[in-house]
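Student: mind folding the following:
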Amino acid sequence: MNFRQSSKPAALFDPETGAELHRHPDLWFDDGSVICRAEDILFRIHISQMCRHSPFFRDMFSIGNPSNSVLGSSIYSKGGPNDFENCPLIELHDKADDVGNLFVALYDGPHFGNNDQDDFRVVSGVLRLSTKYLVDSLREKAIAHLSTAWPSTLKGWDAREDVARAYEMETGTSGARLYPSPLAVINLAREVDAPALLPSAFFDLSRYTYPQIFDPCAQDPLYYPSSSSNSPSPPPSLSSTSPPPPICLSLGDTQRLCLGKEASQHAITSLIQSMSNSQSIRNSGLHGSMHQSGHYHHHRSSSAAICISAAACRKDFSELVDLATKHYLFDRERGYSDPLYMADEIGGLKSEASECKACAKSLETWAMRERERIWRLIPTWFRLGSDTGSASPERTCSPPVVDI
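Tutor: Numbering: from 1, shown residues only. A predicted model of the protein is given here:
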């Protein structure tokens, strides 16, 4: 990929601080026409490649004359040949890892991973810089990739949860360890103006307790090493005693989280209360149309079965209500803070042992419709606004200010 000179390249230093600067091992091209510096890493790349993808760099190079840049004023070499004479320098005030990932994506195309924590570090950096430098095609691909883990559809959410459960079975650890912290996703979505990521991120975050969110211990899924580190690192061992710097939400998003958590918990109690009305659930298996008078005219499909024992089914539903109340409200077992999970689990309970296939099917249909209704309500729960004027004031409505 690189065409390196046979002689050892000169060591490079910052003349102001004396700090040594390092050539990027893969993104230093001997025929490159511009050098970009991020932190203490130097990238020698091609102006044509930058201009091809980014109108920001295209405009910048068209306005000025890069050949007039004085590289020696910002870098000096020692102990070897000067292999970048007359090559202009651009200082980028970005993380070196993010810049490297951006340039790799520009040269080779984006090759994202499986949306785990390490992949998120790469994709989030690419998304930030593609937004900052107006690389629209790369920004769209990064958002589309993140949307696999933070989807805007219920079908996508179920697929995401299936992946998490498979990870949990394979590793024996919480499936939440697979994905990055929803706190980081919310902050990223705000920073780059990607509101489609917010509903699922807020909902995922609402499934944790407040201590897990705001004061996590080493055993909690949201306990991660410092988010400011440039290099990926795994979750700390359980013996770790020093807490990581917290990932903080803005005041407005903290308020949205609190309101959404309360609405989500209310949805769980409402589901259990709805189950107590077994007749309405059995009616959910009927097809009907509402007239202006407000009355339903029901008719059964040819394949619809009839309840074979109303008394027994009422007893079954009553027992299901008691079981759900104990499991989710009193014992706070798995799913107690996740109405989507709870509705899905309840929908299959009666079909496991019931002889009445009609009521079992009605319960499944009811649960499916409740899950769809809940999913549509999530943006409202968290006050995420819409295109009609109630959008968050924190949402960025113009391209971010570029500092280079």
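
Student: show me where this protein has its strands.
Tutor: 11-13, 20-28, 34-38, 41-45, 76-78, 89-92, 287-290, 296-299 (DSSP state E).

Student: nearest to K132, of those?
Tutor: Minimum separation from K132 across the strands of the chain (Cβ to Cβ) falls at strand 89-92, 9.5 Å. Just so you know, the C-beta spots here come from the backbone N, C-alpha and C atoms, and that holds for glycine as well.

Student: other SSEs contacting the closest one?
Tutor: Under the contact criterion of 3 or more Cβ pairs under 8 Å, 6 or more residues apart in numbering; DSSP states H and E, strand 89-92 touches strand 34-38.

Student: how about the strand it packs on: buried residues?
Tutor: Across strand 34-38, burial judged by 16 or more other Cβ atoms under 10 Å covers V34, I35, C36, R37, A38.

Student: can you check stretch 194-213 too?
Tutor: So for stretch 194-213, counting by 16+ other Cβ under 10 Å, buried means 194-195, 197-208, 212-213.

Student: same check, this time on stretch 127-136
Tutor: Buried residues in stretch 127-136 (16+ other Cβ under 10 Å): L127, R128, L129, S130, T131, K132, Y133, L134, V135.

Student: and which of those is nearest E262?
Tutor: Within the buried residues of stretch 127-136, the smallest distance to E262 is 31.1 Å, found for L127 (Cβ to Cβ).

Student: list the contacts of the closest residue in space to the closest one that isn't next to it in sequence.
Tutor: The shortest distance from L127 to any residue other than its chain neighbours is 4.0 Å, reached at A142 (Cβ to Cβ, 6 or more residues apart in numbering). Contact analysis of A142 by Cβ atoms under 8 Å, 6 or more residues apart in numbering lists P110, F112, V123, V126, L127, S130.

Student: among those residues, which are located in helices?
Tutor: Counting by DSSP state H, the part of those found in helices is V123, V126, L127, S130.

Student: right, and I45 touches C36 too?
Tutor: Yes: I45 is in contact with C36 according to Cβ atoms under 8 Å; the separation is 6.6 Å.

Student: what touches both of the two?
Tutor: Both I45 and C36 are contacted by F103, under the criterion Cβ under 8 Å, 6+ apart.

Student: enumerate every residue touching A367.
Tutor: A343, D344, I346, G347, G348.

Student: for those, which one is nearest L259?
Tutor: Distances from L259 to these, taken as Cβ to Cβ, are shortest for A343 (20.9 Å).
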